[in-house]
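1. Only the shape, not the letters, is given here:
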């Protein structure tokens, strides 16, 4: 599926365009295509000017395109486009016919007006994310319809924007409605749709590459908040040059998930719950994502529509929990047990006389004072206020540590064990770890523990979640039985 496919004239951005023309003198005809994943390709009917002359089509020097952008004017729509992060893609060199060039671009800006002077170092001040598809999470519903036998009346009052000042800049949710533009008309149908836009304005304008990072950061946050891998639509960005604001539709290459938009009963949180604290949640997310790094990324890696082998998914989640523990407790005061181990290791090393043996043993025992994997898992799970029993957490952590060691040191299960049973257990533990990891991140960014416990024990997805925890040994099977009716109550 293609988002855009149109022919036009293209030239190096920065080439002068005469006042009486709509394209530079050195422009070339070509076909621009933007795929569903945002990747832009340009197939030219000739070659753009180059220091290499006619041989430029054969050049694959990556430095040749550094800092260069291609501007274009599309023939049918009249849109202007600007391509950046270029790479050569295809093309033909001919001595007795027309040579052709091809390019791929990571970013493509689209506008209805001519582009100002933009470079790789240009900065942008606003990121506008269309929240189409997240209506159920937003709990939109401001269109009131009154129907009688003879008439239908529709009324809508636009909501005021919700604005948050956070450490990282300004954040807002702004509401709008798509509707007919004429004040009065007659037709056989009418379409009215309420919509919302998330707008982030960083304190200091940032480059396009940094904007790509911010877009991914917000997309990851919505995976966490909605429990859905549904992707944002293509955003809009703005920049100010010479005190004039320019607004561009922005397509950038990214892997897109085939997931459908989340429905109301599928969302782990909703905006009504978070309205008062949403700015704080976003700010904490930005800070802790940066602080914990792979302690967050390794969970999100399994939530972007990619399929993993059971062992890979399991160790990925364990790595993430271990990374989070190392980052979070790196400055913690060593426990009494850890201090005793440290003293013991030092005492043993000090008894060795030969210097090279002492040096060798010191290297071998350098990690002996660190907490074992089992304890790291216990520490992380115990912090989440989701009412799991201490003994069950310990048994779960012990088994997860053993499975991870089996995968790391034996390739899979230990010799003689049944592989199908091993994979089933790894899958069960992975499913539980994924839920725990998700709850942990939500807890870290300030989501109320009542929301977490409702999701696990009472919400629309609670039976599935409890079934996963039962299979992993974190809950008793009794939690899956329906609650007994009150004494004297008639069965329904």
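-> Looks like it arrived, so ask away. In this text, all values refer to a predicted model and were calculated from it rather than measured experimentally. Numbers count the residues shown, from 1 in each chain.
2. Okay, domains of the chain per the record?
-> Following automatic domain parsing, one gets these domains for the chain: 2-111, 123-291, 296-330+371-480, 335-368.
3. Could you tell me the least trusted of these?
-> Among these, domain 335-368 carries the lowest mean pLDDT, at a mean of 68.
4. who does the longest helix that the chain contains touch, helix- and strand-wise?
-> Criterion DSSP state H: the longest helix present in the chain is helix 419-444. On a contact count with 3 or more CB pairs under 8 Å, 6 or more residues apart in numbering; DSSP states H and E, helix 419-444 meets helix 208-226, helix 278-292, helix 294-300, helix 310-328, helix 373-382, helix 390-410, helix 449-457, helix 462-471. All C-beta atoms are positioned from the backbone trio N, CA, C, and that covers glycine.
5. Save those as JSON lines, and put in mean neighbour count and distance to residue 344 too.
-> Below are those laid out as JSON lines (neighbours: other CB atoms under 10 Å; distance: least, CB to CB, whole Å):
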{"stretch": "helix 208-226", "mean neighbour count": "19", "distance to residue 344": "42"}
{"stretch": "helix 278-292", "mean neighbour count": "18", "distance to residue 344": "31"}
{"stretch": "helix 294-300", "mean neighbour count": "21", "distance to residue 344": "30"}
{"stretch": "helix 310-328", "mean neighbour count": "20", "distance to residue 344": "22"}
{"stretch": "helix 373-382", "mean neighbour count": "20", "distance to residue 344": "17"}
{"stretch": "helix 390-410", "mean neighbour count": "16", "distance to residue 344": "22"}
{"stretch": "helix 449-457", "mean neighbour count": "17", "distance to residue 344": "39"}
{"stretch": "helix 462-471", "mean neighbour count": "17", "distance to residue 344": "38"}
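6. Which one of these lies nearest to residue 267?
-> Residue 267 lies closest to helix 208-226 among the helices and strands packed on helix 419-444, at 4.9 Å (CB to CB).
7. Quick one: list the elements packing against the closest one.
-> Using 3+ CB pairs under 8 Å, 6+ apart, helix 208-226 sits against strand 126-130, helix 135-138, strand 193-202, strand 244-252, helix 278-292, helix 294-300, helix 419-444.
8. Residue 23: which of the ones you listed is closest?
-> Going by CB to CB, the one of the helices and strands packed on helix 208-226 nearest residue 23 is strand 244-252, 18.8 Å.
9. How many residues are close by the closest residue to residue 138 other than its chain neighbours?
-> Among residues not flanking residue 138 along the chain, residue 271 sits closest, at 4.8 Å (CB to CB, 6 or more residues apart in numbering). Residues near residue 271, counting by other CB atoms under 10 Å, number 19.
10. In contact with residue 271, which residues?
-> 137, 138, 139, 173, 278 (CB atoms under 8 Å, 6 or more residues apart in numbering).
11. Please apply the same query to residue 207.
-> 120, 121, 122, 123, 124.
12. With residue 116 instead?
-> By CB under 8 Å, 6+ apart, the residues touching residue 116 are 241, 242, 244, 246.
13. now the contacts of residue 271 as a markdown table including distance to residue 265?
-> Formatted as a markdown table, the contacts of residue 271 follow (distance: CB to CB, whole Å):
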| residue | distance to residue 265 |
| --- | --- |
| 137 | 11 |
| 138 | 15 |
| 139 | 12 |
| 173 | 22 |
| 278 | 21 |
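14. what's the most distant pair in those residues?
-> Largest separation among the contacts of residue 271 by CB to CB: 139 and 278, giving 12.7 Å.
15. what's the closest non-adjacent residue to residue 160?
-> Excluding the flanking residues, the one nearest residue 160 by CB to CB, 6+ apart is residue 175, at 7.9 Å.
16. do residue 460 as well
-> In space, and not counting its chain neighbours, residue 460 is closest to residue 265: 4.1 Å by CB to CB, 6+ apart.
17. isn't there a helix covering the one you found?
-> Yes. Counting by DSSP: H, G, I helix; E, B strand; the rest coil, residue 265 is found in a helix.
18. From residue 296, how far off is the residue nearest in space to the middle of the chain?
-> Against the mean C-alpha coordinate of the chain, by CA atoms, centre = their mean, the closest residue is residue 220 at 2.8 Å. Per CB to CB, to the nearest Å, residue 220 is found 8 Å from residue 296.
19. Between the two, which contacts overlap?
-> Contact criterion CB under 8 Å, 6+ apart; residues shared by residue 220 and residue 296: residue 289.
20. correct me, but residue 449 touches residue 440?
-> No. With contact defined as CB atoms under 8 Å, residue 449 does not count as touching residue 440 (11.9 Å).
21. How about the contacts made by the residue of the chain most remote from its centre?
-> Distance from the centre of the chain peaks at residue 353, with 54.7 Å (CA atoms, centre = their mean). Applying CB under 8 Å, 6+ apart to residue 353 gives no contacts.
22. Under a three-state scheme, what state does it occupy?
-> From three-state DSSP, the assignment for residue 353 is coil.
23. Now it: phi and psi?
-> The phi/psi pair for residue 353 (degrees, to the nearest 10) reads phi -90, psi -40.
24. same question, residue 152
-> phi -130, psi 120.
25. ok, and the closest non-adjacent residue to it?
-> Distances taken as CB to CB, 6+ apart place residue 145 nearest to residue 152, at 6.7 Å, with adjacent residues excluded.
26. Hmm, residue 451 and residue 443 touching each other?
-> No. Contact between residue 443 and residue 451 fails when scored by CB under 8 Å: they sit 9.9 Å apart.
27. quick check, residue 85 in a strand?
-> Yes. The assignment for residue 85 (three-state DSSP) places it in a strand.
28. From residue 136, how far off is it?
-> Shown here: residue 85 relative to residue 136, a distance of 35 Å by CB to CB.
29. what do you get for residue 42?
-> 38 Å.
30. swap in residue 299?
-> 24 Å.
31. now do residue 391
-> In terms of CB to CB, residue 391 sits 39 Å off from residue 136.
32. so the longest helix of the chain versus helix 208-226, what angle?
-> If you take axes from the mean of the first three to the mean of the last three CA atoms, to 10 degrees, helix 419-444 sits at 100 degrees to helix 208-226.
33. residues of helix 419-444 that come out buried?
-> Of the residues in helix 419-444, those buried by neighbour count under the rule 16 or more other CB atoms under 10 Å are 422-423, 425-444.
34. now stretch 164-179
-> Buried residues in stretch 164-179, defined by neighbour count with 16+ other CB under 10 Å: 164, 166, 168, 169, 171, 172, 173, 174, 175.
35. In contact with the third one, which residues?
-> By CB under 8 Å, 6+ apart, the contact list for residue 168 reads 202, 203, 282, 283, 286.
36. Please give the number of neighbouring residues around the nearest residue to residue 228 once chain neighbours are set aside.
-> Spatial nearest neighbour of residue 228, chain neighbours left out: residue 262 (3.6 Å); criterion: CB to CB, 6+ apart. Residues within reach of residue 262, counting by other CB under 10 Å, total 22.
37. hang on, residue 262 in a helix?
-> No. Counting by three-state DSSP, residue 262 falls outside a helix, being coil.
38. wait, it sits on residue 131?
-> No. Checked against CB under 8 Å, the pair residue 262 and residue 131 is beyond contact range at 11.4 Å.
39. for the residue nearest to residue 160, helix, strand, or coil?
-> strand.
40. Residue 272 versus that one, what's the distance?
-> Residue 175 is 14 Å from residue 272, by CB to CB.
41. likewise residue 232?
-> Using CB to CB, we find residue 232 at a distance of 21 Å from residue 272.
42. Looking at those two now, which is surrounded by more residues?
-> A direct count of neighbours by other CB under 10 Å for residue 232 and residue 272 places residue 232 higher, at 19 against 10.
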